[in-house]
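S.K.: my questions concern the predicted model and sequence given below.
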Amino acid sequence: MEYIISIFKQMIMILLCFFYGCSVSINNGKNLSKNNKTEFFTTKGEVIISHIKENEWIFDYKLDKKIKMIMLGPQTKKYHETSWRLPSAFEIMTDSKTNYSYLKRKDTKSFDKVSISVSTYADIILYAPQPFIVYEQGVGVNTGPIGYATKVGFLNLMNNFSPTYFFKTMLNENIIVPGNPNYSNSSTQTQRKNLVAYFGDKEAMYEGDYVVSIIDKKFPRQLEKAYKPFVDKCVTLYNKKLGIRFDQKLNIFLSHTLWDKEGYGFGGGAQEFQILAKSFGDNSEIGKIEIKKMQLFFAHEMAHLWQTDLGNDNFRWFHEGGAELMSYYVMEELGLISEKDILKMLSGNLKQSIEGLSEVSLEFCHINDYPKLNYTAGLLVTHASIIATNANDNINDIFKLEEILSTFGKNDRINKPFDVFSQALVTLGAKKESVETIQSFIKTKHKNPILAYEELFRITGVKYIKKNENIKITGL
């Protein structure tokens, strides 16, 4: 009887494979193990990244199975149109429902090989991973946007994407791949995903107590002097608040570019144990304001590395708003900003969010052309959520909320984020009315965002004043 059941299960698996577009072996009547099932839903093979000229690359995909498409991450139309030279049979399409881009054949046939010529891209890409970090004497290549997942077979079933990455340098070129021993002047490889491989001058590397940095020679010395001790202090504080997350030093890739705007700006993103940072400036004098802006940026990006995974795109508001709130409190604890500064930044973000909230809900702002709401309104909702947990004279903060969220199972956190978030707030002391009001605020496109904020703050207990249709946060 057990043998018949086993054969029946394998027939179902083979039928699935027919639609799936790949094959499996019956393996002498034995059931597929957990590891085999993982392999079944994983695309492997090789991705070879070859540096052929100063600003020219070849990305070669040689995969272990036929696939329909490769998911490249959030839409980055300008980057792909100006830097990727696709074979005539291929195209990049964007899913309008998710705003994610996919590499596919125009005739929709499956493929397992493709070679793409790519030019280095120096510009900042907003609200998406940076594909390149460009230095005066080097460049970092991010393997993340080369492929995050694949779709396979007739049913377009989603696969994990876990190839081995090979990096081929130009003659006598140095390379560093995070997790590998220091520098190499020859080709190297890794099976770790979402890494930045740096091709260039090894003198750009600076190693602190907790952070290894690749710093552009053009990065202003006044900023660099403040940057080096700050990032180590920041890591130390996050470790203290949320525990040690990494078995190696944090890696930061920091480039600098002159721009035609006034002052200085910072952008980039965090992934795995790395931060990809791009600074921009006009060579004007650097003072406390510019240094504080830089520190807030790195405190925010570091927060992402310690955050608990929660939901998917529908919880970007918490990922960004929570990271922003954590960065404020880290800066305050390090003595770099005051409570007055935090109140001013909260009020400023509220003002910036008003227009967008009248057009889209916070939950889906990322696919409706208002991604900045994740940072502005997301910050205010996260702040209100923390205040709501202090209803019974509890003393909680964003770090305590992160700690509670981490106790829930990953499957629930990813697939039932609102349930998990609500339960976490209740666990910390929030009342049912507050939790319901918070969820309503997130899911609603508000005809009058000012009134919506007033209701949110009144029920959750946020301290504020209103004057001439302007709301000002007055207490933490």
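M.R.: It's in. Residues are numbered from 1 along each chain as shown.
S.K.: what is the burial count for residue 445?
M.R.: Residues near residue 445, counting by other Cβ atoms under 10 Å, number 17. In this view, the C-beta of every residue, glycine as well, is placed from N, C-alpha and C.
S.K.: and the strands in the stretch 251-400 of the chain, which stretches?
M.R.: Using DSSP state E, counting those that start in this stretch, the strands of the stretch 251-400 of the chain run over residues 264-271, 274-281.
S.K.: try the stretch 1-150 of the chain
M.R.: Ranges of strands within the stretch 1-150 of the chain are 42-43, 45-53, 56-67, 69-74, 84-85, 90-95, 100-105, 111-119, 132-135, 138-142, 149-152, based on DSSP E, counting those that start in this stretch.
S.K.: so for the third one, mean pLDDT?
M.R.: It refers to strand 56-67. Throughout strand 56-67, pLDDT has a mean value of 97.
S.K.: who touches it?
M.R.: Residues outside strand 56-67 that contact it (Cβ atoms under 8 Å, 6 or more residues apart in numbering) are 21-22, 43-52, 70, 110-120, 141, 146-147, 150-152, 159, 163.
S.K.: got the strands of the stretch 1-150 of the chain as TSV, with mean neighbour count columns?
M.R.: Formatted as TSV, those follow (neighbours: other Cβ atoms under 10 Å):
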stretch	mean neighbour count
strand 42-43	20
strand 45-53	16
strand 56-67	18
strand 69-74	22
strand 84-85	14
strand 90-95	15
strand 100-105	21
strand 111-119	16
strand 132-135	24
strand 138-142	23
strand 149-152	22
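S.K.: among these, which is nearest residue 362?
M.R.: strand 69-74 (17.7 Å; Cβ to Cβ).
S.K.: could I have the CA atoms of the lengthiest helix in the chain written out in PDB?
M.R.: Determined from DSSP state H, the single longest helix within the chain is helix 221-242. Backbone C-alpha positions of helix 221-242 (Å, rounded to 0.1, in the frame of the first residue of the first chain) are rendered in PDB as follows:
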ATOM      1  CA  ARG A 221      37.700  64.700   3.700                       C
ATOM      2  CA  GLN A 222      35.600  66.600   6.200                       C
ATOM      3  CA  LEU A 223      32.800  64.100   5.700                       C
ATOM      4  CA  GLU A 224      35.200  61.100   5.700                       C
ATOM      5  CA  LYS A 225      36.600  62.300   9.100                       C
ATOM      6  CA  ALA A 226      33.100  62.200  10.600                       C
ATOM      7  CA  TYR A 227      32.100  59.100   8.700                       C
ATOM      8  CA  LYS A 228      34.700  56.600  10.000                       C
ATOM      9  CA  PRO A 229      34.100  56.700  13.700                       C
ATOM     10  CA  PHE A 230      30.300  57.200  13.300                       C
ATOM     11  CA  VAL A 231      29.700  54.000  11.400                       C
ATOM     12  CA  ASP A 232      31.500  51.900  14.000                       C
ATOM     13  CA  LYS A 233      29.500  53.600  16.800                       C
ATOM     14  CA  CYS A 234      26.300  53.000  14.900                       C
ATOM     15  CA  VAL A 235      26.900  49.300  14.500                       C
ATOM     16  CA  THR A 236      27.800  49.000  18.200                       C
ATOM     17  CA  LEU A 237      24.500  50.600  19.200                       C
ATOM     18  CA  TYR A 238      22.400  48.500  16.800                       C
ATOM     19  CA  ASN A 239      24.100  45.400  18.100                       C
ATOM     20  CA  LYS A 240      23.300  46.500  21.700                       C
ATOM     21  CA  LYS A 241      19.600  47.300  20.800                       C
ATOM     22  CA  LEU A 242      18.800  44.400  18.500                       C
END
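S.K.: what angle sits between it and strand 264-271?
M.R.: If you take axes from the mean of the first three to the mean of the last three Cα atoms, to 10 degrees, helix 221-242 sits at 40 degrees to strand 264-271.
S.K.: what is helix 221-242 packed up against?
M.R.: Helices and strands touching helix 221-242, by 3 or more Cβ pairs under 8 Å, 6 or more residues apart in numbering; DSSP states H and E, are strand 211-215, strand 250-258, helix 288-306, helix 316-333, helix 398-405.
S.K.: okay then, goodbye and thanks.
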